[in-house]
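1. One predicted model, sequence on top.
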Amino acid sequence: MARDTGFPTADAENDFSRMRRHAEMSRLLAWFTRQPADVNTILPFDEVVAALGRLGETALGLQQVEVASIVGSVDRTKDFDRYFRPTSSRIRERWQRLAEAQRRGESMPPVQLYRIGSMHFVIDGHHRVSIAIARHFHTIDAYVTEIHTRISPDGINVAGDLLLKDHRRLFLSRVPLSGSQADAIRLVDPFDYAELAENVEAWGFRLSQEIGEFVSRVDVARRWFGEEFLPVVRMARRAGIRQDLTRDAELYMWLACERYRLVRKHVWDDEILRELRDQGQRRRR
């Protein structure tokens, strides 16, 4: 607990020592429980933006921001962990000086943050954020700039989640679905997005050959979703194929890959669905 003994210098020293202790204990706990290496790593702003695709920004001015929503940094990813606890004693002197000044009642300027979805990334004011957390403040004054991205940042918890977001962004650039259609395509393995994009592009090429005219990416995506993806998933659900796959996109990927492996054809009929259902049942035994 943050304590206030009435001696600002001693309290600031205690705050820093406590934060360092918690950082080391958290690191050891992650190691003992074999958690992913990035579970305590602060989110890097540049990598998050690259994974989501930057569209623009809007200055929102001075706001009160929840401290718990500050999860990343523009450039101080080595000095603090995910919870803005100092990762070494290198920054002790500056940290304690600011903490002591704050405890003496000196005013602190607002920090500067980027906002992406519900997450905030520190541009300037890492020590002040860390001190706010050490003293259990719930909010902090900040000048906020909101970053607009091509895909939603929902679901990002650790740096490892960025790979999935990056591949999903690339998929949606090759298969430009939007709204509920884009939301329907969710895959667990990031590299499956590339495979599905190739699948859709091949479907679009066959469509162009069939009708004898060029079909744009937007039209290919729209027609693939309505004429291929949805009907195939519905047929498979009715036939009871791979009911263990709850995500429609995962089911479609399995069906498309198994169909081609078994029959080397790009058509759907009752015989092929029966074969796939039997294959799915054998796979689950």
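-> Perfect, I can see it now. Numbers count the residues shown, from 1 in each chain.
2. For this protein, which element, helix or strand, carries the lowest mean pLDDT?
-> Lowest mean confidence among the helices and strands of the chain (mean pLDDT, DSSP states H and E): helix 270-284, at a mean of 71.
3. Helices along this protein, start to end?
-> Applying DSSP state H to the chain gives helices spanning 8-32, 45-52, 92-103, 126-134, 161-174, 179-184, 190-211, 217-224, 230-239, 248-263, 270-284.
4. tell me the most buried of those?
-> Of those, the one with the most neighbours on average (mean count of other C-beta atoms under 10 Å) is helix 126-134, at a mean of 24. Just so you know, the C-beta spots here come from the backbone N, C-alpha and C atoms, and that holds for glycine as well.
5. So which elements touch that helix?
-> Applying 3 or more C-beta pairs under 8 Å, 6 or more residues apart in numbering; DSSP states H and E, we find helix 126-134 packed against helix 8-32, helix 92-103, strand 139-149.
6. Can you redo the ones you listed as CSV, where the extra columns are mean pLDDT and distance to residue 163?
-> Converted to CSV, the helices and strands packed on helix 126-134 look like this (pLDDT from 0 to 100; distance: least, C-beta to C-beta, whole Å):
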stretch, mean pLDDT, distance to residue 163
helix 8-32, 86, 19
helix 92-103, 93, 33
strand 139-149, 96, 16
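7. Residue 161: which of the ones you listed is closest?
-> Closest to residue 161 of the helices and strands packed on helix 126-134, according to C-beta to C-beta: strand 139-149, at 14.1 Å.
8. In that closest one, which residues are buried?
-> For strand 139-149, a neighbour-count test (16 or more other C-beta atoms under 10 Å) marks 140, 142-145, 147, 149 as buried.
9. Determine how far that strand lies from the middle of the whole chain.
-> Distance of strand 139-149 from the chain centroid (C-alpha atoms, centre = their mean, to the nearest Å) equals 18 Å.
10. Residues in contact with that strand: which ones?
-> The contact list for strand 139-149, computed with C-beta atoms under 8 Å, 6 or more residues apart in numbering, reads 49, 52-67, 70, 110-117, 120, 123, 125, 128-129, 132.
11. returning to what we had before: which of the helices and strands packed on helix 126-134 sits closest to residue 208?
-> Residue 208 lies closest to strand 139-149 among the helices and strands packed on helix 126-134, at 31.5 Å (C-beta to C-beta).
12. strands paired with the closest one, and their directions?
-> Strand 139-149 has the following strand partners under DSSP bridges: strand 54-66 (antiparallel), strand 111-116 (parallel).
13. Give me the nearest residue to residue 87, chain neighbours excluded.
-> Closest residue in space to residue 87, ignoring its immediate chain neighbours: residue 81 at 5.6 Å, by C-beta to C-beta, 6 or more residues apart in numbering.
14. Give me the neighbour count for the one you found.
-> Neighbour count of residue 81, defined by other C-beta atoms under 10 Å: 21.
15. Repeat that for the one 5 residues further on.
-> Residue 86 is flanked by 22 other residues according to other C-beta under 10 Å.
16. hang on, the earlier thing: the residue nearest to residue 87 reaches residue 88, doesn't it?
-> No - using C-beta atoms under 8 Å, residue 81 makes no contact with residue 88, being 10.5 Å away.
17. Take the strands paired with strand 139-149 and lay them out in JSON lines including mean neighbour count and distance to residue 8.
-> Output for the strands paired with strand 139-149, formatted as JSON lines (neighbours: other C-beta atoms under 10 Å; distance: least, C-beta to C-beta, whole Å):
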{"stretch": "strand 54-66", "mean neighbour count": "12", "distance to residue 8": "25"}
{"stretch": "strand 111-116", "mean neighbour count": "21", "distance to residue 8": "21"}
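18. Put together CSV for the ones you listed, with mean pLDDT and distance to residue 237 on each row.
-> Output for those, formatted as CSV (pLDDT from 0 to 100; distance: least, C-beta to C-beta, whole Å):
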stretch, mean pLDDT, distance to residue 237
strand 54-66, 95, 35
strand 111-116, 97, 35
